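Visitor: My questions concern the predicted model and sequence given below.
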Amino acid sequence: MTHLVKKALFATGLSLFAGPVFAHSFGRLYTLPVPFWLYLYAAAATLLISFLVIGLLATQARPSALPSYPAAWLTQLSKRLRPGLSTLSVGLLLLCIVTGIWGVQDPYRNFNMTFFWIIFVLGIAYLSAFLGNFYEVLNPWRVISLGFGRFMEGRWQYPRWLSYWPALLLFQGFIWIELFSLTRPEALAKYLLIYSAITLTGMACFGRDVWLRYGEFFSVFLRLLALASPLYYTANQGVRWRLPFSGLQQARAEHLSLVVFILFMLSATAFDGLRGTVPWYRLFWTDPYGLIYAWIGKPPIHAFVELRPFYLAYETLCLFISPWLYLLVFTVFVWLGRLLTGSKKPLLRLLGDFGFSLIPIALVYHITHYYTLLLSQGVKIVSLLSDPFGWGWDLFGTAQLWRAPILPDMGTVWHTQVALILIGHVVSVYLAHQQALRSFGSARAAMISQIPMLILMVLFTTSGLWILAQPIQG
């Protein structure tokens, strides 16, 4: 077989992996206005300059209790809207279930697919980063549990060692379903029923508040993102304003499981982008080290059908170990900072102290990878509201509105991604420096300790930009 034929077979095999074309996968190539390596050097230089400026100007740690200001009109508005929005959240959950079971099974015509994967998973996440943790009140499973009264106060004490591990496990399962399961509306409805049963059982066993804190992964995920918001909610003082990202300075990861959860927020997004690149496919299907050939006696692309289950297992393993690989790298760089300063603080405590400085990176990674989905598929929720089952209804007269996707210019998308990546990393550099001032005492020690962290941020930035550039450049 000629080399050309082998290439053709390999390309055909890769095409079989193609799923629905979403907005972060581009159908035509885009030539970057400057060479890609120039973007990487510019990004690294920006981080270096930011590091020096922050180190020279921020010589004292800001107080942990940062000032906040009341937002009286928002407090009154939230009180008025809360009952209706709580009922609406439960109604939307039920609608996702019933439309999935009885509606058409076309993912693009059924309400539940667009609402859950785009409006809820993406839209609510981004709104939480700007409007605060409103999900804590509107969480449909929390609202449902209130109807059970004392039954949801818990039967057993939650084990301290369990901490955030249940949320992490459910989060990983959710991402696996998102990436590898050919989810149709009926399957999504069943997943929601199963997750509802798990959540309500966890509340009944350990108490509503405890399970929402440690076990319900949407609550954990959105609560972490909400720390970046300029708004936050208190039981006694209502809604208050604060400086953006200041909530991340007032919190720390009290357990290793929360650090791993944060790292999975990073690694899951990076993995989703990486698995769509040609080098990733080639690593398995061209078998550069001959491992698969030695096993089956022929090139893996010649046994495509037989090897697909093994490829799925391989990708699943990579997904589930990804936060642990990130933890290993993060631990090494934090340990180097500790070593350079001669600090005696326990390494595990430092991991908890610096873990929250990674959340801005996780947030911008998530936005840059997925925000175009809100424009391409999210806008269709307007038409789907009038025809949630896909039966040809027009309940609100909007069935024909915004049916066409909004597809921004790829140059605009790319430069928006670059800007967001840089902003997120600069914010993380600042937060890490502030934490270093608190952890290591002096401005000099903080500056020295952050040299390894700067290298880590540069690695995150360059790798993130490389992954984002692959589908754009083909």
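Guide: Received, thanks.
Visitor: moving C-terminal of the strand or helix carrying Cys205, what's the next helix or strand?
Guide: Taking DSSP states H and E as the criterion, Cys205 maps to helix 185-206. As assigned by DSSP H and E, the chain's next helix or strand after helix 185-206 is helix 208-214.
Visitor: Tell me the gap between the helix or strand following that next one and the middle of its chain.
Guide: Where DSSP H and E defines the elements, the next helix or strand beyond helix 208-214 is helix 217-226. Centre-to-centre, helix 217-226 and its host chain are 10 Å apart (CA atoms, centre = their mean, to the nearest Å).
Visitor: what about helix 217-226, average pLDDT?
Guide: Summarised as a single mean, pLDDT over helix 217-226 is 96.
Visitor: re earlier: by how many degrees do the helix holding Cys205 and helix 217-226 diverge?
Guide: Between helix 185-206 and helix 217-226, the angle comes out at 90 degrees (axes from the mean of the first three to the mean of the last three CA atoms, to 10 degrees).
Visitor: Give me the contact list for helix 185-206.
Guide: Here helix 185-206 makes contact (CB atoms under 8 Å, 6 or more residues apart in numbering) with 93, 96-101, 103-107, 110, 112-113, 116, 141, 144-145, 148, 151-152, 154-158, 166, 170, 177, 181, 183, 211-212, 215-216. (C-beta placed from N, C-alpha, C; glycine too.)
Visitor: Show me where the stretch 201-350 of the chain has its strands.
Guide: Per DSSP state E, counting those that start in this stretch, the stretch 201-350 of the chain has strands spanning 231-234, 238-241. These are given in chain order.
Visitor: Please report how far the closest residue to Pro323 other than its chain neighbours lies from Cys96.
Guide: Distances taken as CB to CB, 6 or more residues apart in numbering put Phe264 closest to Pro323, at 3.9 Å, once the chain neighbours are dropped. For Phe264, the distance to Cys96 equals 25 Å [CB to CB, to the nearest Å].
Visitor: Redo the strands of the stretch 201-350 of the chain as a markdown table? Include distance to Gly378.
Guide: Compiled in a markdown table, the strands of the stretch 201-350 of the chain are given as follows (distance: least, CB to CB, whole Å):
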| stretch | distance to Gly378 |
| --- | --- |
| strand 231-234 | 23 |
| strand 238-241 | 26 |
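Visitor: okay if I get the ones you listed as TSV plus mean neighbour count, distance to Gly297 and mean pLDDT?
Guide: Converted to TSV, the strands of the stretch 201-350 of the chain look like this (neighbours: other CB atoms under 10 Å; distance: least, CB to CB, whole Å; pLDDT from 0 to 100):
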stretch	mean neighbour count	distance to Gly297	mean pLDDT
strand 231-234	18	61	86
strand 238-241	18	66	86
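Visitor: and His302, which of these is closest to it?
Guide: strand 231-234 (57.3 Å; CB to CB).
Visitor: Strand partners (parallel or antiparallel) of the closest one?
Guide: Strands flanking strand 231-234 in the sheet, each with its direction: strand 238-241 (antiparallel) (DSSP bridges).
Visitor: Run through who's touching the strand it pairs with.
Guide: Applying CB under 8 Å, 6+ apart, the contact partners of strand 238-241 are 68-72, 74-75, 78-79, 132, 230-234.
Visitor: Need the max-distance pair from those residues.
Guide: Using CB to CB, the two most remote members of those are Lys79 and Pro230, lying 19.9 Å apart.
Visitor: what about those two, which has more around it?
Guide: Just comparing Lys79 and Pro230: by other CB atoms under 10 Å the higher neighbour count belongs to Pro230, 18 against 11.
Visitor: per-residue pLDDT, the more buried one?
Guide: In this model, Pro230 is scored at 92, pLDDT.
Visitor: now swap in Phe22 and tell me
Guide: pLDDT for Phe22: 35.
Visitor: repeat for the one 10 residues further on
Guide: Leu32 carries a pLDDT score of 71 in this model.
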